[in-house]
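In: Fold the stuff below for me.
(chains A and B)
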Amino acid sequence: MSHASHPESGGSTYLWLAAVPFSLFLLLTWGLSRHALPWQLDIPWIPSLGLSLAFRVDGFSAQMLALITGIGTWVFVYASGYLAHEPRRGRLFVVLILFMLAMVGAVTADNLILLFLFWELTSITSFLLVGFNHEPAEARAASRQALLVTMGGGLAMLGGLVLLGQMAGTWTLSGIVAAGPTLANDPRLPYALVLVLLGAFTKSAQFPFHFWLPNAMSAPTPVSAYLHSATMVKLGIYLMARLDPAFNDLLFWEVMLIGSGTVTAVWAAVLALRERDLKRILARSTVSALGTMTLLIGLPSAGAGLAVVAFMFAHALYKAPLFMVAGNIDHATGTRNIDQLLGLRRAMPWTAAAAVLAGLSMAGLPLSFGFVAKDIIAVAKAESELFTLVSYATVLVNAVAIAVAGVAAVRVFWGPLELPRNQVHEVSWRMLLPPLAIVFLGMEFEFFPALADPLLLAAARSIAPGLGEVSLSAAYDLEALLSATGITALIGLLFFLAWDRMHEALHTLNRFDRYGPAALYDRLLHGLARIAAWHTRHLQHGRVSGYLQLTLAALLSMGMFGWLHTDSRLELTWDWPDHAWAWAVACLLLVAGAAAAATLRTRIAVLMASGLVGYGSAVLFLFAGAPDLALTQFAVETVLVVVAASVLPHYGTAPLQQEPLRASSGVLAAAAGIGFSAAGAFEQSAGEWRTRRVVRSDQPGRGPWPQCG
Amino acid sequence: MTPRSTLLMQSARPLYWMMLAAALWILLRGHNEPGGGFIGGLLAVAGSSLLAIILGIPAALRLQPLAPLPLAMVGVGLAVLSGLAGALHGLPFLTHLWTGIGLSTVMLFDLGVFFAVWGALTGYVYALVDAGETAP
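Out: Below you'll find the model as predicted:
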């Protein structure tokens, strides 16, 4: 981003817009102090479809709301500084507000379809925000990727939610959680869960869908801090945690979550070491953290619920400021490459301070809320008997987290300044206050746990009902913890010091990139374009006769299929109709019109001949007991022929070029004629019992035709 | 515009009014016998097309109560309105009500269909005729 090169553009910086999330935040705290959770609201919408505007706010929703509105407030302040030179900033703020409202809806919706609607709305706003700087081709590709991956998952999730709704007989999320254990033996359950998890995994960038999140870093930094670290990517986690009380006991659920969570956490941590771009490093570590959260949800113990909640809270409180720090550095120096960033502490002291404090929390060192969260996670893991492999994996993940914190908070600020001193400057207060404020908020929760305790415990209880009386601050045993963190911290320090060497070593991984899921995504996208091109060439060729042949062939083969799969036989009887002479006239008109249309060469004559076919069928309708239809047919045919005749001469009077008559076309036409006649006869004999049924029931209606007008 | 025969030019307007009268008759007749808003609307379209082809689109527009799109909108609006009457009485939307002497909300609905067909199809026809006039 080259903000420095933009001339100062006039107009509002939209700082006042921060009042929108802030007033929502105040409303939330006021409500929490006055009214007991859960709050419910249910407005019927389309009752026959089970659709209602059902909202439900319990502890977990309240925590999400606090993050969305609280961090949202600071993100809006930050964005007003970050985008002060961006001429199109008004558009970004509109989408940002829309996104925030969609998030509020998604975490409060209790109706499954409503949840889906808000869920997809966050995907759409994310797409618009990632592609905000739409000029670079990579940004457009990244936003399309984010959209296709999360929306595709969202569609799968819709299928899963509908299945769940049908199995449980309720369309509310709370109802499904309540019915959860009774669903365990339903054979459809695995399909439903796989589909729902597809939605959650794509949204929260779990392996193998982890690749879209780092690419989404082409979004402006306030967006990355808000959507792609603090709130939207946690929606998948939110849904899994929501459903966890229902399916916690299923081995299938546990294996899926622990397996995918562990793989994501480890693989994303390894990939973080390969990056040189500060924002992409942070994005990889976000994916790793999301993996840890998925793993924690999969753990069977009730303490894991508390761990998820605390970690989610802590992660938002340190990752959002770290993104803002990266944005400040980008803004001040014009680069995010850590090779060029060294010794910024003197030029950017306040940014450095925010970075160090956020880094402490990310590393889980004392004096930070991350410390508390890390401890609760350790307790939760100790309570559940983890596979040894998973335990080792989490040590690695934590060590990389410490190393990433070191890179983002220490490495870029210490050492000699690489860039010329006059190129680097501290940023405006609007970009300094938000990260500092959020970081101090995190520290406050460490020193005064009573502030966050009630909210976090209420949140944990709503996703882990078995949780007993615990206090966040009292949970940890300092000595055991220090020895456990000590080892991780040591390994993390080693990773930090050896960052560049490991980066070099991991270059060997590059050759496997073309087998990875990101490459698969590219191949699928190219394949789709090729299929579409082939399809257009062969099916949308523009020749009307070709369309007709294809349609007839498809109808015939469907009819044949249906006929071969029924055991009823066609009994042909022959009765002369009432006005046989009229039928004969109609058929004569039809045949004459068709023959003339096929053989004549003059345009106007062909038009008249086709009109004759229309009149013939109208006569047929008239005597077959559908005078309404006959009238309509006459009127339509007349208007059509008159209008076409008036227009036709203007397109030239050259005779039509006739396509060569082919035997295959003739066979197809004859087969279609015989087939439809047979179908009509069959329909008539089958229609007799249906007519009897209609007469028996008291339904009005004069015949099989719909009444016109 | 290409020259037209005098006979055609002179008979266009009387023919139009006769067709419109027939259209209205079919619309009202549809209440109890074959006919109705759709067919009546089509007949009105035929009349308007005749005018547009012979005397030009502006002449056809002058003798139509509204321009095609507003006419179609009024028609759809009337049909929706006729359905609301039932909804106001607590019945499902589009449940129709009779006043006992043959007047009903169905009439309103039929009139809506009439206008919608007349408006929408003349919109297409005028566009087609216009394209034909200006085609190379």
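In: can we go C-alpha only for contacts and neighbour counts from here?
Out: OK.
In: could you point out where chain A is predicted with low confidence?
Out: Chain A contains residues with pLDDT under 70 at A:1-11, A:366-368, A:382-388, A:449-450, A:468-484, A:567-574, A:658-659, A:683-709.
In: Domains in it, by residue range?
Out: For chain A, the structural domains run A:3-524, A:543-572+A:659-702, A:583-658, going by automatic domain parsing.
In: Make CSV out of those and add distance to chain B and mean neighbour count.
Out: Shown next, in CSV, are the domains of chain A (distance: least, Cα to the nearest Cα, whole Å; neighbours: other Cα atoms under 10 Å in any protein chain shown):
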stretch, distance to chain B, mean neighbour count
domain A:3-524, 12, 20
domain A:543-572+A:659-702, 12, 12
domain A:583-658, 5, 18
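In: contacting residues for the residue nearest to the spatial centre of chain B?
Out: Nearest to the geometric centre of chain B sits B:Trp118, at 2.9 Å (Cα atoms, centre = their mean). Each residue near B:Trp118 by Cα atoms under 8 Å, 6 or more residues apart in numbering or on different chains is listed here: B:Gly41, B:Leu42, B:Ala44, B:Val45, B:Pro68, B:Leu71, B:Ala72.
In: Likewise for A:Asp513?
Out: Counting by Cα under 8 Å, 6+ apart, A:Asp513 makes contact with A:Ala519.
In: helix/strand/coil for the residue nearest to the centre of chain B?
Out: Following DSSP: H, G, I helix; E, B strand; the rest coil, B:Trp118 is assigned to helix.
In: how close does the spatially most distant residue from the centre of chain A sit to chain B?
Out: Most distant residue from the mean C-alpha position of chain A: A:Trp581, 64.1 Å away (Cα atoms, centre = their mean). The gap separating A:Trp581 from chain B is 23 Å, by Cα to the nearest Cα, to the nearest Å.
In: Could you report the distance from that residue to A:Leu494?
Out: 100 Å (Cα to Cα, to the nearest Å).
In: need the residues of chain B near chain A, please.
Out: B:30, B:34-39, B:42-43, B:45-46, B:49-50, B:53, B:110, B:113-114, B:125, B:128-129, B:131-133, B:135-136 (Cα under 8 Å from any Cα of the partner chain).
In: what about dumping the CA coordinates of the helix or strand that contains A:Gly261 to PDB?
Out: Here A:Gly261 sits within helix A:251-274, counting by DSSP states H and E. As requested, the backbone C-alpha atoms of helix A:251-274 are provided in PDB (Å, rounded to 0.1, in the frame of the first residue of the first chain):
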ATOM      1  CA  LEU A 251     -16.300 -40.800  18.300                       C
ATOM      2  CA  PHE A 252     -16.700 -39.600  14.700                       C
ATOM      3  CA  TRP A 253     -17.100 -36.000  15.800                       C
ATOM      4  CA  GLU A 254     -14.100 -36.300  18.100                       C
ATOM      5  CA  VAL A 255     -11.900 -37.800  15.500                       C
ATOM      6  CA  MET A 256     -12.800 -35.300  12.900                       C
ATOM      7  CA  LEU A 257     -12.200 -32.300  15.100                       C
ATOM      8  CA  ILE A 258      -9.100 -33.400  16.900                       C
ATOM      9  CA  GLY A 259      -7.600 -34.800  13.600                       C
ATOM     10  CA  SER A 260      -8.300 -31.800  11.500                       C
ATOM     11  CA  GLY A 261      -7.500 -29.300  14.300                       C
ATOM     12  CA  THR A 262      -4.100 -30.900  15.000                       C
ATOM     13  CA  VAL A 263      -3.100 -31.200  11.300                       C
ATOM     14  CA  THR A 264      -4.200 -27.500  10.700                       C
ATOM     15  CA  ALA A 265      -2.400 -26.200  13.800                       C
ATOM     16  CA  VAL A 266       0.900 -28.000  13.000                       C
ATOM     17  CA  TRP A 267       0.900 -27.500   9.200                       C
ATOM     18  CA  ALA A 268       0.000 -23.800   9.500                       C
ATOM     19  CA  ALA A 269       2.800 -23.400  12.000                       C
ATOM     20  CA  VAL A 270       5.300 -24.900   9.600                       C
ATOM     21  CA  LEU A 271       4.000 -22.800   6.800                       C
ATOM     22  CA  ALA A 272       4.300 -19.700   9.000                       C
ATOM     23  CA  LEU A 273       8.100 -20.300   9.000                       C
ATOM     24  CA  ARG A 274       8.100 -20.100   5.200                       C
END
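In: all helices in chain B, in order from the N-terminus.
Out: With DSSP state H as the criterion, chain B has helices at B:6-29, B:37-55, B:57-62, B:68-88, B:105-134.
In: buried sites along the last one?
Out: Yep, that's helix B:105-134 we're talking about. B:105-123, B:125-126, B:128-130, B:132-133 (16 or more other Cα atoms under 10 Å in any protein chain shown).
In: now the fourth one
Out: Neighbour counts using 16+ other Cα under 10 Å place B:68-69, B:71-86 of helix B:68-88 among the buried residues.
In: what is the rounded mean pLDDT of it?
Out: Taken as a whole, helix B:68-88 carries a mean pLDDT of 89.
In: and it, how far out from the chain's middle?
Out: Relative to its parent chain, helix B:68-88 has a centroid offset of 14 Å by Cα atoms, centre = their mean, to the nearest Å.
In: what's the nearest residue to residue 95 if we skip its chain neighbours?
Out: No chain was given, so I picked chain A. A:Thr125 (6.1 Å; Cα to Cα, 6 or more residues apart in numbering or on different chains).
In: That was the other one, I meant chain B.
Out: Of all residues not flanking B:Thr95 in the chain, B:Gly86 sits nearest, at 5.0 Å (Cα to Cα, 6+ apart).
In: For the helices of chain B, give me CSV that also has distance to A:Gly90.
Out: CSV is the format used below for those (distance: least, Cα to Cα, whole Å):
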stretch, distance to A:Gly90
helix B:6-29, 54
helix B:37-55, 48
helix B:57-62, 44
helix B:68-88, 35
helix B:105-134, 39
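In: out of the ones you listed, which comes closest to A:His526?
Out: helix B:105-134 (39.2 Å; Cα to Cα).
In: now the closest one against helix B:6-29, angle please.
Out: Angle of helix B:105-134 versus helix B:6-29, following axes from the mean of the first three to the mean of the last three Cα atoms, to 10 degrees, is 160 degrees.
In: A:Gln206 falls within a helix, correct?
Out: No - according to three-state DSSP, A:Gln206 belongs to no helix; its state is coil.
In: For it, which residues are in contact?
Out: Contacts of A:Gln206 by Cα under 8 Å, 6+ apart are A:Ser260, A:Gly261, A:Thr264, A:Val287, A:Leu290, A:Gly291.
In: Sweet, I'm off.
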